[in-house]
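[1] Give me a model of this one.
(one chain, ligands or ions: 1)
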Amino acid sequence: MSAVFVRGLRRQYGDRVVIENLDLRIGEGEFVALLGESGCGKTTLLRALAGLDPIDGGHIDAPGKPAVVFQEHRLLPWTPLWQNVALGMETPEGRKAAIAALREVGLAGREEDWPRNLSGGQAQRVALARALVREPKLLLLDEPFAALDALTRIKMHVLIRELVARHRPGVLLVTHDVDEAVAIADRILVMREGRIAASYQVEGSTGLRDTLLQELGVESDTRAA
Ligand SMILES: Nc1ncnc2c1ncn2[C@@H]1O[C@H](COP(=O)(O)OP(=O)(O)OP(=O)(O)O)[C@@H](O)[C@H]1O
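    From the prediction side, this is the model:
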């Protein structure tokens, strides 16, 4: 079954066409990363898939309501952690599910704590718990780790892989980080001029990092060692 199936998607701002005739399918439990130069339409695509913006043509079939995690955690500061996670389902069952989700992201026993007491990485863990507690079929991640330090980012990569393996949503991760994409995705898409220009399976690919950097217009001498 598909977590999302997109056909002929079109999205424009006024006269400016940002996405045109875009096709995309993400399978259940499949982790897909989306790379592309700044301004190519990645966030526009993610917002359309999330149902946050209208579309101007084509079809998006996604079972259930997608969950989104953004670069900023977007937690409510005046609300304890469990309520941030359970938002909109603040019943005894909702509280139980929120506490279990907080445990899953490594924040057991912190349910009554406040967002202000969290590090950036912990706040993103809560944002992940809030997304997953709804058991979405499609999880949309808009650079959720970009503002974290390198070590925390690696820990979050391990965590998100575990969570996706357990809950099996289809995932679309928008990122600028080629190494992040190679480290955590099953498949990497490159977006250009409003379409998916290339698709690479990560497993078994050699030299993929170089290929992707080339796709993104980065000369090889700017590569990190
Ligand atoms: N609300 C808007 N109104 C008009 N134009 C917009 C709007 N949002 C985005 N755009 C334009 O659409 C294009 C795609 O923007 P988008 O944010 O999707 O790119 P992106 O690939 O996510 O970029 P980045 O990697 O820098 O975040 C850009 O040229 C941008 O200026």
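
[2] domains in the chain, as residue ranges please.
    Using automatic domain parsing, the domains assigned to the chain come out as 2-66+136-222, 76-135.

[3] what about the longest one, near the ligand?
    Right, the one you point to is domain 2-66+136-222. Yes: applying CB under 6 Å from any ligand atom, one finds domain 2-66+136-222 touching the ligand at Tyr13, Val18, Gly36, Ser38, Gly39, Cys40, Gly41, Lys42, Thr43, Thr44. For every residue, glycine as well, the C-beta is placed using N, CA and C.

[4] Run the chain-centre distance for that domain.
    Chain-centre distance of domain 2-66+136-222: 7 Å, with CA atoms, centre = their mean, to the nearest Å.

[5] Likewise for the shortest one?
    Here domain 76-135 is found 18 Å from its chain centre; the criterion is CA atoms, centre = their mean.

[6] Can you check the distance spanned by that domain, start to finish?
    End-to-end distance for domain 76-135, by CA to CA, to the nearest Å: 21 Å.

[7] Where does Glu111 sit: helix, strand or coil?
    Under the three-state scheme (DSSP: H, G, I helix; E, B strand; the rest coil), Glu111 adopts coil.

[8] For it, report the pLDDT, please.
    If you check Glu111, the pLDDT there is 96.

[9] Phi first, then psi, for it.
    Phi and psi for Glu111, reported as degrees, to the nearest 10, are phi -60, psi -30.

[10] before we move on, what about Gln12?
    With angles defined as degrees, to the nearest 10, Gln12 sits at phi -140, psi 150.
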